[in-house]
Each structure stands twice: as structure tokens, then as C-alpha cells.
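Engineer: Predicted model and sequence follow; I will ask about them next.
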Amino acid sequence: MRLPSDRHRGPSVFAAPAASHRTDHTRTPMTSPTNDSSISINDVALVVRLPHDLRDALKERAAAEDRSVASLIRVAARAYLNRRGRPVTVTQDAETNSPALASDETSFELLGRLRLARRLESRDRAPELDNDALHGLAGQVVRALAPLTEASAPAMLLTLLVTFGAMVGRSAHVNVGHQKHYPLLFGVVVGSSARARKGTSAAAVRPVLDAADEDFMTTRHLRGGIQSGEALIQALASLAEDGEVDLDQRLLLTEEEYGRLLTIAGRQGSIVSAVLRSAWDGDALSARTKAQTLIAEQPHLSVLGHVTIGELKVVLKPVDIANGYANRFIHVLSHRGTLLPEPGRLTDAQIELLGARLRASVNFARSVGEVKRSADFRRHWDTLYRIVESQPSGGEVYDSLTVRASPQMLRLATIYALLDQSPALEAVHLRAAAALWEYSEASVAHIWGATLGDERVDRLYSAVKAAGADGLDRTQVSELFGKNKTKSELDDLVARLIDLDLVVLSTHATGGRPRQVITATG
């Protein structure tokens with residue numbers, strides 16, 4: 001298979017440290033020194049003024065993507081010019097005597113919009129994994145396996161990280177206020193097709209995992225078969241032979257047919273979804289059966305599922321998207337790698353070496369307790385957190401599935417740190433976590449495409465795209481909905497697409513009333 005090359009590195013808005021900011025979250029614009037970025041949109045020259053630190057971040061990002069700073073800003077500025085309900089104007093810049101863009105959005109919101117725009121580009125093309133995600137020991141394992149298997153690097157990486165976190169258990173943790181986040185992940189490998197070799201990733205990594213902790217992989221690895229939430233709690237709350245509760249409640253659940261688990265969770269009266277949501281949160285689990293009351297006081301359940309895009313879109317119900325079940329999972333798109341009629345194998349020496357390193361990291365992690373944050377990590381986390389939390393809507397489905405970006409990245413960073421046997425989170429661990437999470441966000445955008453969470457908006461967007469360069473005018477939009485929508489309702493649907501930078505509204509002179517036309521931005 002082919003690993004991601006440096007030429008195609010994904011976007012990173014994480015690179016530059018933040019300058020001094022207000023500690024509250026008001027929408028006060030930054031007042032640090034600025035530079036002008038001159039760009040042109042629809043033949044109108046604009047000057048966008050950015051603080052030095054944010055301009056430097058854009059420069060670094062543009063260089064990584066072989067794009068200009070202006071092209072990155074253009075995506076956001078074009079959306080500004082077409083948005084409704086916000087004070088967006090074009091004014092004269094006193095110093096350059098050129099039109100300048102004025103908006104009430106903060107600099108972090110600007111970078112959040114740029115970040116979202118790059119994610120949504122994956123609707124029409126498969127995402128690529130940034131090499132930053134292949135950090136440390138996890139990257140060593142994936143790189144060693146890459147030339148020997150058809151499995152994709154993101155799928156193998158996710159499998160390794162989820163399983164390592166399951167092996168570690170509840171000792172290691174990072175504090176967020178009064179809440180503890182453990183190295184616990186739920187992941188789904190989503191095959192782009194039935195031939196995407198989504199299950200091959202688990203088989204490829206398995207020899208190294210067995211070498212690291214064969215007892216765990218034998219006794220605490222449940223390979224599907226769960227029929228109810230009660231059965232899942234029973235598996236976690238198993239009794240020792242002497243009748244005492246086993247407080248080691250680590251369990252890895254692998255569902256090769258993840259669609260089956262979703263089907264079971266969707267049955268009336270099933271508590272599977274509720275159990276999994278509580279397990280991800282680290283809460284105690286309990287359920288009453290006719291025979292007994294089941295209690296798992298310290299559950300550490302990690303879940304790894306495998307499914308195709310087609311099946312996932314059929315069996316994942318709107319309620320699972322809305323109730324927080326689906327966004328506890330990291331979705332990773334898996335493509336078939338290089339065709340290998342005869343896949344290779346790691347040598348026994350390689351397996352033993354990598355297994356020993358992984359075992360040492362597990363032993364370290366099980367004794368470390370709280371994982372602190374370094375000053376460098378805090379500085380970078382401050383910037384990334386503000387950008388992510390300032391990101392505008394990408395549509396109801398996309399938003400619902402990626403809303404846990406911050407805690408997911410924090411858990412990923414913790415696992416990368418533990419693999420490094422580091423007692424503290426460092427910036428490099430956040431960089432790795434952000435790279436994998438950004439791949440997951442791009443996977444979500446690609447899997448669900450233009451599904452925006454509202455059938456009417458989806459219908460309008462599909463029609464606008466089908467119209468091509470001609471676009472649709474107001475009359476055609478009204479006819480699309482059988483002329484039974486009010487002007488206000490139609491304006492709202494159009495505004496939602498404009499807000500997502502998916503369409504542009506332009507006005508054309510006709511000799512009479514101006515004709516407004518909606519065209520797709522792609």
C-alpha cells in the first residue's frame with residue numbers, strides 16, 4: 001500500500017502558537033499588529049487585515065498545501081460576501097485606497113471557517129492522512145506493515161490506538177475540570193467498498209498486539225456476538241472464581257459486522273446504545289435481569305467496528321446521530337492499498353521487537369496515573385481549541401458526528417503520549433492527534449457527502465449542482481418545491497447553503513426586475 005507523501009500533507013491550523021488572548025470567550029476581535037492580504041473575489045479587489053501571528057499560521061498552512069495565503073482567505077471571504085444576517089460590508093482601506101472586507105467575526109472564527117472549508121472539500125474526493133499522525137511507536141508499526149499488506153494506513157493506525165488504549169485501562173488519565181478522560185476510544189473502520197479490505201487492518205496488526213499482551217488479546221478481546229446491552233455489562237462485570245468482583249474491567253469489543261451491532265441497538269427496548277454511551281463516558285454500568293442485577297463499577301470498554309459506507313448509511317439511524325451515540329466513534333475511511341497477490345509478513349524478530357516496545361509502553365501507562373500537560377502543549381491547545389470551537393456549521397449531520405472534536409483529540413493525544421512513555425502531553429502528541437482527527441472529519445464529510453441533515457436543503461443543493469453553471473433562479477427554486485413554500489422559507493433554505501459556502505447568489509440585470517441566480521461554488 002502507499003503511505004501518504006509529504007506532497008499531499010493535509011491541512012493543519014494547529015501549527016502557530018496563539019498570542020495573548022482574553023480568557024473569556026467573548027467575540028472581541030484581536031488587536032495585535034496586522035498585515036494586509038490582498039485578494040480578488042468576483043473581480044472585486046479586497047484587503048483582509050490579519051494579526052501577524054494568524055497570518056504566519058496561514059503562511060505555514062499554505063506552504064504545506066502548495067497554495068497561496070490569498071486562496072485560503074478567498075474561501076472564507078467569498079462566504080462572508082454572500083452571507084445573510086451578519087454585518088458584512090466592503091469599505092475603503094485608508095492606507096491602500098482599496099476596498100477592505102469588514103466583518104464582526106473574530107480571527108479564530110476566520111480560521112475555523114477555513115478549517116471547515118478544507119474538511120468539506122473531501123465530499124468529492126477521498127481524504128489523505130497527514131504524516132504527523134504516524135508519530136512514534138504507532139507510526140513505526142504502521143510503516144513496517146505498509147509494504148506487506150493491502151490494508152490502509154489509517155485503518156491500521158486506528159486499530160493499534162484503540163487496542164493499546166484498551167490494554168492500558170483506567171489508571172492513566174487526563175483531567176478536564178473535575179472529569180477524567182481515560183485512554184478509551186471507540187473507532188469505526190469504514191470501507192469505501194466491499195473490496196476496501198477494512199478487516200485486513202486488524203489481521204495485519206494482530207501479531208504485534210499478541211506479542212505485546214497475548215493474555216489480554218485472548219481473555220479480554222470479545223470478537224462480536226453481543227446480543228444485548230445486558231450481555232455487554234455481563235461481559236464487563238464477570239465474577240472471579242472466589243465470588244469477588246473482578247475490578248479489572250478492561251474489554252476490547254471488535255465488531256467485524258458493525259452494522260449488526262447498530263441493528264441490535266435500534267431494536268425497541270434495547271439498551272445497547274445507552275450502555276455504549278455511558279461506557280465511553282467512563283460511568284459505572286448497571287442493568288437488572290430476571291436472575292440478577294449486573295454492575296460494572298469501573299468499566300474500560302474500547303470498541304472497534306468494521307462496516308462499508310453503503311451499510312453504514314443505511315443502518316445508522318437519525319436517532320443515533322442525534323443522541324450522541326455516533327459522535328463517540330472516530331470514523332476512519334479505509335481504501336484498498338496496493339494490490340498484493342501474495343501479502344508479506346513481518347519477520348519473527350520484527351514482531352518480537354515491536355511487541356516488546358508496545359508491551360513496555362503498556363506497562364509504563366498502567367503505572368503513570370494522571371498525565372499532565374506541558375507548557376508547550378497548553379500553548380498549542382489554546383489555539384487549536386479556540387479554532388475548533390469557533391468553527392461554523394458544516395451541516396446538521398457533519399456537526400452531529402464531529403461535535404466531540406476536542407475530547408476526541410485530547411484522548412488521542414494522551415494515547416500518543418503513553419506510547420512515547422511520556423508523563424506529560426507535548427505539542428507533538430497534539431499534532432499527531434489533530435492529524436488523525438482531521439482525517440476522521442474528512443472521512444465523515446466524504447461518507448455522508450452533501451447530506452446536510454434536512455431533506456429540503458439536500459434537495460435544493462442537489463438541484464443547484466445538477467443545474468451546473470446556469471444555476472437556478474428564484475422561480476425555478478419555487479417550482480422545485482411545487483410552489484408551496486413561502487418566500488421566507490425559500491430564503492432560509494438558500495441562506496443555509498450560502499452559510500456553508502456551497503452556493504453563491506448573484507444578481508443579473510434583465511431590463512426589468514433583476515434576476516437572482518443560485519449556483520454551486522464547486
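Structural biologist: Looks like it came in fine. Residues are numbered from 1 along each chain as shown.
Engineer: what's L436 in contact with, if anything?
Structural biologist: Counting by C-beta atoms under 8 Å, 6 or more residues apart in numbering, L436 makes contact with 129, 133, 154, 157-158, 161, 330, 332, 412. Quick note: C-beta positions are derived from backbone N, CA and C, even for glycine.
Engineer: Tell me which of these has the lowest pLDDT.
Structural biologist: Checking pLDDT across the contacts of L436, the minimum falls on L129 at 93.
Engineer: gap between that residue and I498?
Structural biologist: 31 Å (C-beta to C-beta, to the nearest Å).
Engineer: Of these two, which one has the most company?
Structural biologist: L129 (26 against 20; other C-beta atoms under 10 Å).
Engineer: my guess is that one contacts A432, does it?
Structural biologist: No - in this structure L129 lies outside contact range of A432 using C-beta atoms under 8 Å: 11.0 Å.
Engineer: Name the spans of the protein whose pLDDT lies under the cut-off.
Structural biologist: 1-111, 114, 117, 193-199, 238-246, 450-454, 500-501, 522 (pLDDT under 70).
Engineer: helix/strand/coil for the most centrally placed residue in it?
Structural biologist: Residue closest to the average C-alpha location in the chain (C-alpha atoms, centre = their mean): E441, at 3.2 Å. Following DSSP: H, G, I helix; E, B strand; the rest coil, E441 is assigned to helix.
Engineer: residue contacts, it?
Structural biologist: E441 touches 119, 402, 405, counting by C-beta under 8 Å, 6+ apart.
Engineer: at 7 Å what do you get?
Structural biologist: 119, 402 (C-beta atoms under 7 Å, 6 or more residues apart in numbering).
Engineer: hang on, A279 in a helix?
Structural biologist: Yes - looking at A279 with three-state DSSP, it is inside a helix.
Engineer: Report the secondary structure state of the nearest residue to it once chain neighbours are set aside.
Structural biologist: Spatial nearest neighbour of A279, excluding adjacent residues (C-beta to C-beta, 6 or more residues apart in numbering): L301 at 4.2 Å. What three-state DSSP gives for L301 is strand.
Engineer: So what pairs up with L301 in the strands?
Structural biologist: L251 (DSSP bridges).
Engineer: separation between it and F329?
Structural biologist: Distance of L301 to F329, given as C-beta to C-beta: 13 Å.
Engineer: now L276
Structural biologist: According to C-beta to C-beta, L276 and F329 sit 9 Å apart.
Engineer: Could you do D320 as well?
Structural biologist: Distance, D320 to F329, by C-beta to C-beta: 10 Å.
Engineer: These two: who's more crowded?
Structural biologist: Between D320 and F329, counted using other C-beta under 10 Å, the more crowded position is F329 (24 against 18).
Engineer: I'd say that one and G187 touch.
Structural biologist: Yes - F329 lies in contact with G187 (C-beta atoms under 7 Å); the separation is 6.4 Å.
Engineer: so what does the helix or strand where S506 lies touch, helix or strand wise?
Structural biologist: Taking DSSP states H and E as the criterion, S506 maps to strand 503-508. For strand 503-508, the packing partners by 3 or more C-beta pairs under 7 Å, 6 or more residues apart in numbering; DSSP states H and E come out as helix 487-499, strand 515-520.
Engineer: hey, which of those is tucked in deepest?
Structural biologist: Compared across the helices and strands packed on strand 503-508, strand 515-520 shows the largest average neighbour count, a mean of 19 (mean count of other C-beta atoms under 10 Å).
Engineer: Would you give the sheet partners of that one, along with the direction of each?
Structural biologist: strand 472-473 (antiparallel), strand 503-508 (antiparallel).
Engineer: Name the residues that touch that strand?
Structural biologist: Here strand 515-520 has contacts from 464-465, 469, 471-474, 477, 494, 502-508, using C-beta under 7 Å, 6+ apart.
Engineer: what's the spacing between T475 and V517?
Structural biologist: T475 sits 11 Å away from V517, going by C-beta to C-beta.
Engineer: What residue spans form the domains of this protein?
Structural biologist: Taking automatic domain parsing as the reference, the chain has its domains at 6-123, 132-220+309-448, 455-520.
Engineer: what's the neighbour count on R404?
Structural biologist: Using other C-beta under 10 Å, R404 has 18 neighbouring residues.
Engineer: so what's A144 up against?
Structural biologist: Contacts for A144 (C-beta under 7 Å, 6+ apart) come out as 346, 350, 354.
Engineer: now, which of those sits nearest P423?
Structural biologist: Set against P423, the nearest of the contacts of A144 by C-beta to C-beta is L354 (22.7 Å).
Engineer: now the strands for the stretch 151-300 of the chain?
Structural biologist: 174-176, 179-181, 186-191, 221-223, 250-255, 285-288, 293-296, 300-308 (DSSP state E, counting those that start in this stretch).
Engineer: looking at those, which is closest to K485?
Structural biologist: Among those, strand 186-191 sits nearest to K485 (C-beta to C-beta), with 35.1 Å.
Engineer: Direction included, what does the closest one pair up with?
Structural biologist: strand 300-308 (parallel), strand 329-334 (parallel).
Engineer: relative orientation of that strand and strand 250-255 in degrees?
Structural biologist: Using axes from the mean of the first three to the mean of the last three C-alpha atoms, to 10 degrees, the direction of strand 186-191 lies 20 degrees away from that of strand 250-255.
Engineer: Residues contacting strand 186-191, please?
Structural biologist: 155, 158, 162, 198, 201, 258, 280, 303-309, 312, 328-334, 443, 447.
Engineer: what do you get for stretch 295-306?
Structural biologist: Against stretch 295-306 from outside (C-beta under 7 Å, 6+ apart): 159, 162, 165-166, 169-170, 182, 184-189, 198-199, 233, 236-237, 247, 249-256, 258, 261, 276, 279, 284-286.
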